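Enquirer: 3D model of this:
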Amino acid sequence: MTTSSWSVRSVTRDGVRLSCRDWGGAGPDVLLLHGLAGHVGEWDATARLLRDAGHRVVALDQRGHGASERLPEDASRAAYVADVVAVVRELGLVKPLLVGQSLGGHTALLTAAAHPGLVRALVLVEAGPGGAGADLPAAIGDWLRGWPLPFPTREAAVTYLGGGKRPVGEGWADGLEERDGGLRPRFDPDVMVRSLDELCSRAFWDEWTAIACPVLVVLGHGGEGGQGGVIGGEEYAEMVRLRPGLHGASLPGTGHDLHLERPEALHRLIVGFDAGR
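Expert: Down below sits the predicted model:
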């Protein structure tokens, strides 16, 4: 399958099919990883900008998401990391810059820690090593199962999923498929909940200190109201303490899905960071 902008590439690891959007391009490689319950299309604007700026860009639908295997038996953090390694090697990416949002950022963090020679640098968008509360899986599961499915129209999905922010609603709606009388998600809520198990059982500070490559952390910021994303001030301060050379930035007026809200601004941060290392 090919569009005017990207082609679909598939990698199979341990019987699990992984689908990627290969945007092509020449120059330093970039691999993009979406967050929990997300999909590869969330990165379309950023991928196009990066390719046009002189990068070879690939975005991965992670296991359990989008066009990849919908019901993988293994939803562990290690499985997600092994998938990234397989994609890098099978698609011939050379020391890519790993860019991940939310759970995808956590996957990127663990990949860089476990495979220090695999990547050249790391961009974490609304992601960190601090772990999550034990009640998060139940809350996420309740939220996902509470969607009023099927959405009768795309506009209904955009309105519900956007929380008042149309770019966010558009991004989430792009991940839906027409099925059984309306628009439905391309993931299983139980798989999403299982994907959070280890993240909610411990923190990952040892992995954070094991990262050998440069790191940029990009956080949402709600403007006058302060923090707009999920990484709190204490967690970020500890990240800086343990890695004094950490690069950090925030985007005013954004929240957890800042890659959907301000892709051009995120692109500028990524390109500036990669060029300035």
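Enquirer: could you find the closest non-adjacent residue to residue 179?
Expert: residue 150 (7.5 Å; Cβ to Cβ, 6 or more residues apart in numbering). To be clear about C-beta, it is placed using only N, CA and C from the backbone, and glycine gets the same treatment.
Enquirer: if you count neighbours, what's buried in the lengthiest strand in the chain?
Expert: When the chain is parsed with DSSP state E, its longest strand is strand 16-24. Within strand 16-24, the residues that count as buried by 16 or more other Cβ atoms under 10 Å are 16, 18-23.
Enquirer: pull the residues that contact that strand.
Expert: With contact meaning Cβ atoms under 8 Å, 6 or more residues apart in numbering, strand 16-24 is reached by 5-12, 40-41, 43-44, 47-48, 50-51, 56-63, 66-69, 72, 74, 79, 83, 86-87, 91.
Enquirer: so which of these sit within strands?
Expert: 7-12, 56-61.
Enquirer: which residue of the protein lies farthest from its centroid?
Expert: Within the chain, residue 181 marks the point farthest from the mean C-alpha position, 29.2 Å out by Cα atoms, centre = their mean.
Enquirer: ok, the nearest residue to that one once chain neighbours are set aside - how many residues close by?
Expert: Leaving aside its chain neighbours, residue 181 sits nearest to residue 150 (5.6 Å; criterion: Cβ to Cβ, 6+ apart). By other Cβ atoms under 10 Å, 17 other residues sit near residue 150.
Enquirer: roughly how far apart are residue 41 and residue 67?
Expert: In this view, residue 41 and residue 67 are 10 Å apart by Cβ to Cβ, to the nearest Å.
Enquirer: could you do residue 185 as well?
Expert: The gap separating residue 185 from residue 67 is 13 Å, by Cβ to Cβ.
Enquirer: same thing with residue 105?
Expert: From residue 105 to residue 67 the distance is 21 Å (Cβ to Cβ).
Enquirer: more neighbours: which of the two?
Expert: For residue 105 and residue 67, the more surrounded residue by other Cβ under 10 Å is residue 105, and the numbers stand at 26 against 19.
Enquirer: was I right about the more buried one contacting residue 112?
Expert: No: with contacts counted by Cβ atoms under 8 Å, residue 105 stays clear of residue 112, the gap being 10.6 Å.
Enquirer: where do the contact lists of those two overlap?
Expert: Common neighbours of residue 105 and residue 112 (Cβ under 8 Å, 6+ apart) do not exist.
Enquirer: could you list the low-pLDDT ranges of the stretch 101-250 of the chain?
Expert: Scanning the stretch 101-250 of the chain for pLDDT under 70 picks out the ranges 223-228.
Enquirer: what ranges does it have for its strands?
Expert: Ranges of strands in the stretch 101-250 of the chain, per DSSP state E, counting those that start in this stretch, are 121-125, 176-179, 182-185, 215-221, 247-252.
Enquirer: ranking those by burial, who's on top?
Expert: Across the strands of the stretch 101-250 of the chain, averaging neighbours per residue (mean count of other Cβ atoms under 10 Å) puts strand 121-125 on top, at a mean of 26.
Enquirer: gap between stretch 238-255 and the chain center?
Expert: Chain-centre distance of stretch 238-255: 17 Å, with Cα atoms, centre = their mean, to the nearest Å.
Enquirer: what's the end-to-end length of it?
Expert: 21 Å (Cα to Cα, to the nearest Å).
Enquirer: contacts for it, please.
Expert: So stretch 238-255 is contacted by 128-130, 165, 168, 205, 208-209, 211, 214-223, 228-229, 236, 258, 261-262, 265-266, 269, 273 (Cβ under 8 Å, 6+ apart).
Enquirer: 6 Å - rerun?
Expert: For stretch 238-255, the surrounding residues in contact (Cβ atoms under 6 Å, 6 or more residues apart in numbering) are 128, 209, 215-221, 223, 228-229, 258, 261-262, 265, 269, 273.
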